[in-house]
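> show me the folded form of this:
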Amino acid sequence: MLRLVILSLLGVLTTISGLLQAPTSSGLTGVWKATYADSLSSGTASLKLEEKDGTVTGTFAAETGGLGTVTGSFDGHTFSFTLAQKVEGCPGTFGGSLSLENGQGRGTYSGIDCLGKH
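Numbers count the residues shown, from 1 in each chain. As a prediction, this is how the structure comes out:
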């Protein structure tokens with residue numbers, strides 16, 4: 001599992017620490033950034049999210065080369081998500097949730113890709 005602290009809106013894999021700040025005051029729509037670190041990798045990532053009526057869709061890109069799609073839900077406080085990594089030769093799936101408050105959040109995630117379990 002991982003820990004995540006939000007600073008612009010992006011999550012990471014396994015055991016993560018990051019920071020996110022909401023780009024707008026209306027839901028999760030916007031571009032978010034975060035830092036992450038787990039037992040297999042660390043870095044920064046960005047998420048471009050669109051939230052409508054509690055449904056979240058978007059894309060993510062990590063500086064380490066990971067990229068793909070984001071799907072999830074947001075109830076005004078908790079962002080539950082699935083990241084589908086679409087890297088050729090290294091697909092992966094990650095899931096987790098973040099509790100958001102005052103533009104910051106904390107949560108957990110786990111997943112697997114070609115590097116192993118995160």
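> OK, contacts around Thr55?
72-73 (CB atoms under 8 Å, 6 or more residues apart in numbering). For the C-beta atoms, the positions are set from N, CA and C on the backbone; glycine is no exception.
> dihedrals phi and psi, it?
phi -100, psi 130 (degrees, to the nearest 10).
> average pLDDT across the helix or strand Ser80 falls within?
Per DSSP states H and E: Ser80 is located in strand 78-85. Mean pLDDT, strand 78-85: 95.
> and if you look at stretch 110-118?
91.
> now the closest residue to Gly111 other than its chain neighbours: how far from Thr82?
With CB to CB, 6 or more residues apart in numbering as the criterion, Gly111 has its nearest non-adjacent residue at 2.9 Å, and that residue is Phe94. From Phe94 across to Thr82, the span is 7 Å (CB to CB, to the nearest Å).
> among those two, which residue is more densely surrounded?
Applying other CB atoms under 10 Å to Phe94 and Thr82 shows that Phe94 carries more neighbours, namely 24 against 17.
> so which bits of the helix or strand containing Glu50 are buried?
Using DSSP H and E, Glu50 sits in strand 42-52. Across strand 42-52, burial judged by 16 or more other CB atoms under 10 Å covers 42, 44-49, 51.
> adjacent strands (with direction) for that strand?
strand 30-37 (antiparallel), strand 55-62 (antiparallel) (DSSP bridges).
> redo these as CSV? Include distance to Thr71 and mean pLDDT.
Formatted as CSV, the strands paired with strand 42-52 follow (distance: least, CB to CB, whole Å; pLDDT from 0 to 100):
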stretch, distance to Thr71, mean pLDDT
strand 30-37, 15, 81
strand 55-62, 6, 96
